[in-house]
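# Sequence plus predicted model, see below.
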Amino acid sequence: MMIDSEVLRKKLNNPELISWMDEDESPQHYKQGYLSGLIKALAVLGEVEYLAEHGKDREPIVLDFDEDAVEGLKAITGAINDKLKELELQSHSEKDIVNGCIWLMEDVHEQMMKYMEMMDVEHTEGAPVLNYSYFGIVQKLLLSRTKHSGGTSTRAKCEQLGFDSYETVVIGESEGE
């Protein structure tokens, strides 16, 4: 199988690629992966072409920097890392996420009750009351599908967030009283 590096070079230097990166609705990580794949493929092909032409691998590049250059690179790297952290999307703390989930469950319950009332559904046993432990909420919301989803880890996470893992959150209690 013959791979033409010119095709990759043309693809990578195609102005339409830049337009696609800016305008396409695909997720950002997809576009980054695509571009990263093109660059890696081009680098590998460059090494293969060198090997085919010279019969040996390239000599390693030795960079000898003086102290000022090293300090300058450290400053630039630090500034870039700071900028990347700045660009990261900020999210709520895990504790706020758990509390937001409880609020959401209460809201869903309230909406369900309004719907049942609107549909004229009779309550023979009163309004439904939902019980969730902080243990269950934290385990399902934060630790599900992780290597820390067991009981000991879940209790430790609850403690870390300031929740009593044995405490029960009751949704809909006020409507039933």
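Right, received. Where do you want to start? Residues are numbered from 1 along each chain as shown.

# got the phi/psi numbers for residue 50?
For residue 50, the backbone dihedrals (degrees, to the nearest 10) come out as phi -60, psi -50.

# how about the nearest residue to it, chain neighbours excluded?
Nearest in space to residue 50, with sequence neighbours left out and distances taken as C-beta to C-beta, 6 or more residues apart in numbering, is residue 58 at 5.4 Å. C-beta: built from backbone N, CA, C; applies to glycine.

# got any ranges where the chain has weak pLDDT?
Within the chain, the segments meeting pLDDT under 70 span 1-5, 8, 12, 18, 21, 87-89, 122-126, 174-177.

# the strands in the chain, which residues?
130-133, 168-171 (DSSP state E).

# Report the distance from the last one to the chain centre.
Shown here is strand 168-171, whose average C-alpha point lies 29 Å from the average C-alpha point of the whole chain (C-alpha atoms, centre = their mean, to the nearest Å).

# So what are the sheet partners of that strand and their directions?
Applying DSSP bridges, strand 168-171 is found paired with strand 130-133 (antiparallel).

# what comes into contact with the partner strand?
102, 105, 109, 165, 166, 167, 168, 169, 170, 171, 172 (C-beta atoms under 8 Å, 6 or more residues apart in numbering).

# which of these are buried?
Among the contacts of strand 130-133, those classed as buried by 16 or more other C-beta atoms under 10 Å are 102, 105, 109, 165, 169, 171, 172.

# now residue 73, nearest residue through space, not along the chain?
residue 65 (7.1 Å).

# got the residue ranges for the helices in this structure?
5-13, 15-23, 28-54, 67-87, 94-118, 134-138, 151-161, 173-176 (DSSP state H).

# returning to what we had before: next, format the strands of the chain as TSV and append distance to residue 38.
Listed next are these as TSV, based on distance: least, C-beta to C-beta, whole Å:
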stretch	distance to residue 38
strand 130-133	48
strand 168-171	50
